[in-house]
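> Quick one: sequence and predicted model below, then my questions.
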Amino acid sequence: MKIFVPVCIEEEAKWIIDHIFSGCFEASYSISPWSEKFYKFEYEAHELFFPEFMISRYVNENQKRMPDVKEFRYLDQSLVTIGCLSQEEKFAVPFDIIGSIFFVLSGLHEKLINDFDSLGRPITTHSFYKQTRLFYEPFVDKHVEFLRQLLELELGASFRWKSLDAVHLSSDLDLPFREPRSLWRWSRKIASDLIKRKSPIEALQTLGRFPGSRRSLESDSYFAGVNTLSGLAQKYSVPLEFFIIADTTDKDYEDSWICDPDFKLKMAEMTKEGHRIGVHPGIKCSSDIRYLRTAVEKFMIFLDEINYNQDFSSRFHFLKFDPEVTPEFLVKCGVTDDKTIGFNDNIGFRRGTSRAFKSYDLASRKTLTLKEHPLHVMDITLTAERYLNLKLNDKTLQRCREIKGECSKYGGTFSILWHNSNLETFKEIEFLDRVLS
């Protein structure tokens, strides 16, 4: 397959085409820049043309002019609905499919959003997301599938989706233990009950739990959640990954557990069972490389202590991720993969895909070595009052399965995050079990 791209957007086009033909398919291809204002796909004696206007408009106008929402064309399930324009036995598609993929996969579409929460995360109930309901479907995967069918239909080429793990299960171990692990932490918790919560009753209850908590670590419900996750992962043969706080930049989670001997033993046990572990940097780390570097260095010491010598991923606390600076910071700190990209207030497809993709630096117009893995469902998103505030019932299960089904349709990976601290009840465990089944 020979692919000709406009020279003015060569870097952007190369990034997208590499994702399509290497990340989605296993296909051989070559890219050549040319002076025309459209793309040309050439296979044997056949040619297929695509218009180009979205990326060049953005680049040529000093990266200030964003496309209007109306300029995004959404695909129907049938090729017949979109159709092709025939010109002298050469076929042309009547919309900019490459540009559409670029704007969503790069995260550039979020510049259309005016509403962000206090941590700078997009709010899906407002602006662009509200108008398009973009997060309900894998926009990128759907466009790639349309392109795949079109190339086969009009050029006679043959492409198959690259097979991936169907499910990826992960857990952020913000609180690996339900109860404090030292007399000092117990004292601090009791003081917090009295001063912050102004509840002598809670302080007495905390004091009353102290003797029992020291007798049996396995009775700690949060700690037991780690074993529950491991059991479910083994039951359904899905990859499991734990993300661990290594720094103390977040005031709500001042304790890093990487020095706790029981925690070290448990994580060593989990890695021997084949599960992976990654770093869980704090909020400040996503926008300040000094904090991020400290967190990564502490985490690497922890890895040495438990004899874990594999590459590791990152996921930022509260899913805080700044697309303009965070990817570059991660690369400079030696992190190869990140699994933060997802919504905090909804479930679905923030970057329109169920597949990992290389990060793209919009400022320098360069492809980075960092791979970004999309996140589709988080437990807190489902149940927290400040987000969807759903019950763990059949209706909620169906919503999760619809997202999972969309990932499966394009041979992608359904990624779900479930905190160990939210597996205390049979209902929570049963719900996660049914999502994974």
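Structure's in. What do you need? Numbers count the residues shown, from 1 in each chain.
> what about Asp361, distance to Phe103?
15 Å (C-beta to C-beta, to the nearest Å). Using the backbone N, CA and C atoms, a C-beta is placed for each residue, glycine as well.
> all helices of the stretch 1-150 of the chain, in order?
Assigned helices in the stretch 1-150 of the chain, in chain order: 10-18, 54-60, 79-82, 97-105, 127-132, 139-155 (criterion: DSSP state H, counting those that start in this stretch).
> now, of the ones you listed, which is deepest in the fold?
helix 97-105 (a mean of 25; mean count of other C-beta atoms under 10 Å).
> That one to helix 10-18, inter-axis angle?
Put simply, helix 97-105 runs at 90 degrees to helix 10-18, going by axes from the mean of the first three to the mean of the last three C-alpha atoms, to 10 degrees.
> Mean confidence (pLDDT) on helix 97-105, please.
Regarding helix 97-105, the rounded mean pLDDT is 91.
> can you check stretch 271-287 too?
Stretch 271-287 carries an average pLDDT of 95.
> Quick one: distance of that stretch to the chain centre.
13 Å (C-alpha atoms, centre = their mean, to the nearest Å).
> Pull out the buried residues from it.
By 16 or more other C-beta atoms under 10 Å, the buried positions in stretch 271-287 come out as 271, 275-287.
> How far does that stretch stretch from one end to the other?
30 Å (C-alpha to C-alpha, to the nearest Å).
> now stretch 26-33
The first and last residues of stretch 26-33 sit 22 Å apart, counting by C-alpha to C-alpha.
> Return the set of buried residues in it.
Judged by neighbour count (16+ other C-beta under 10 Å), stretch 26-33 contains these buried residues: Ala27, Tyr29.
> And the contacts of that stretch?
By C-beta atoms under 8 Å, 6 or more residues apart in numbering, the surrounding residues in contact with stretch 26-33 are 1-7, 10, 13-14, 17, 21, 159-160, 162.
> Please apply the same query to stretch 125-136.
The contact list for stretch 125-136, computed with C-beta under 8 Å, 6+ apart, reads 69, 72, 74, 104, 109-110, 112-115, 122-124, 343, 345-350, 352.
> what does stretch 277-286 give?
By C-beta under 8 Å, 6+ apart, the list of residues contacting stretch 277-286 from outside reads 119, 172-174, 241-250, 253, 267, 270-271, 291-292, 295-296, 299, 303, 308, 312-318, 320-322, 325-326, 329, 335, 339.
> Quick check on the residues you listed: which are buried?
Neighbour-count burial (16+ other C-beta under 10 Å) is assigned, among the contacts of stretch 277-286, to 172-174, 241-247, 249-250, 253, 267, 270-271, 291-292, 295-296, 299, 303, 308, 312-318, 320-321, 326, 329, 335, 339.
> Let's see which of those residues end up in helices.
Mapping the buried ones among the contacts of stretch 277-286 onto helices (DSSP state H) picks out Met267, Met270, Thr271, Tyr291, Leu292, Ala295, Val296, Phe299, Leu303, Thr326, Phe329.
> so what's the fifth one up against?
Right, the one you point to is Leu292. Taking C-beta under 8 Å, 6+ apart, we find Leu292 in contact with Pro281, Cys285, Ser286, Phe329, Leu330, Cys333.
> ok, now with 7 Å
Pro281, Cys285, Phe329, Cys333 (C-beta atoms under 7 Å, 6 or more residues apart in numbering).
> Buried members of the contacts of stretch 125-136 into ChimeraX, please.
Applying 16+ other C-beta under 10 Å to the contacts of stretch 125-136, the buried members can be selected in ChimeraX as follows:
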select :72,104,109,110,112,122,123,124,343,345,346,347,348,349,350,352
